[in-house]
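# below: sequence and its predicted model.
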Amino acid sequence: MYCALDPATAILEVAVHKGFKALDTLPHILTALHMVDVSDVHIVRPVDVPNANWLRPGIPSAGQQAFGDALLAKHKFVVIPSAVSNHSWNLIFDPTRAKGAYQQQLQEAFALDTRLHPSTSPP
C-alpha cells in the first residue's frame, strides 16, 4: 500500500502515476488511519537514500524498487520523502504485514475538483 501523509499530496501522487483523467473518471477512496504504535514507523531521511536521484521525479529504477522492498520486509510502516513534492512525505506499508498495527479512522469516496481535469471542448 502506498499513500501520502496528507490528502493533497496523496491526490498529487496518484495523479502523477495514473493521471487526472483516472482520478476524475474512476472511483477512488480516501482513507485515514491510525497507527497503534508509532515505534512501528521507520523514517527514511533524505541522507539515508543511497541515490539522491531517487528523490527526483522519474521512473523507479531496479535499485530503487529493491531498496523499498527491503524496507518493507524489515518495517511495518515506512515514511519516505516524496519525489513529487519536495516538502512532503509518503507512507508505504504492506497491509498484510501491518495487519493489526493500524486502525482505519475514516474512509470516503474521493471527488476530484473538476478544474484539475478540464474539458478540451469549448463551453
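Looks like it arrived, so ask away. Bear in mind that the values here come from a model prediction, so they are computed numbers and not experimental data.
# OK, contacts around the nearest residue to H28 once chain neighbours are set aside?
Using CB to CB, 6 or more residues apart in numbering and skipping residues adjacent in sequence, the residue nearest H28 is F110, 4.2 Å away. In this view, the C-beta of every residue, glycine as well, is placed from N, C-alpha and C. F110 makes contacts with I11, L23, P27, H28, I29, L30, as judged by CB atoms under 8 Å, 6 or more residues apart in numbering.
# also V78?
For V78, counting by CB under 8 Å, 6+ apart, the contacting residues are V41, H42, I43, V44, G68, L71, L72, L91, I92, F93.
# let's see it at 7 Å
Counting by CB atoms under 7 Å, 6 or more residues apart in numbering, V78 makes contact with H42, V44, L71, L72, I92, F93.
# surely the fifth one is in a helix?
Think I92. No - the assignment for I92, made by DSSP: H, G, I helix; E, B strand; the rest coil, is strand rather than a helix.
# so what's it up against?
Contacts of I92 (CB under 7 Å, 6+ apart): Y2, G68, L72, V78, I80.
# looking at those, spot the one nearest T120.
Ranked by distance to T120 (CB to CB), these are led by Y2 at 29.9 Å.
# pLDDT weak spots in this protein?
Applying pLDDT under 70 to the chain flags residues 1-4, 123.
# returning to that earlier point: of the contacts of F110, which is the nearest to N53?
For the contacts of F110, the nearest to N53 is I11 (24.6 Å; CB to CB).
# in which helix or strand would I find the closest one?
Per DSSP states H and E, I11 falls inside helix 7-18.
# quick one: that helix to chain centroid distance?
7 Å (CA atoms, centre = their mean, to the nearest Å).
# buried sites along the following helix or strand past that helix?
The helix or strand immediately downstream of helix 7-18 is helix 20-25, counting by DSSP H and E. By neighbour count on 16 or more other CB atoms under 10 Å, the buried set for helix 20-25 is F20, L23, D24.
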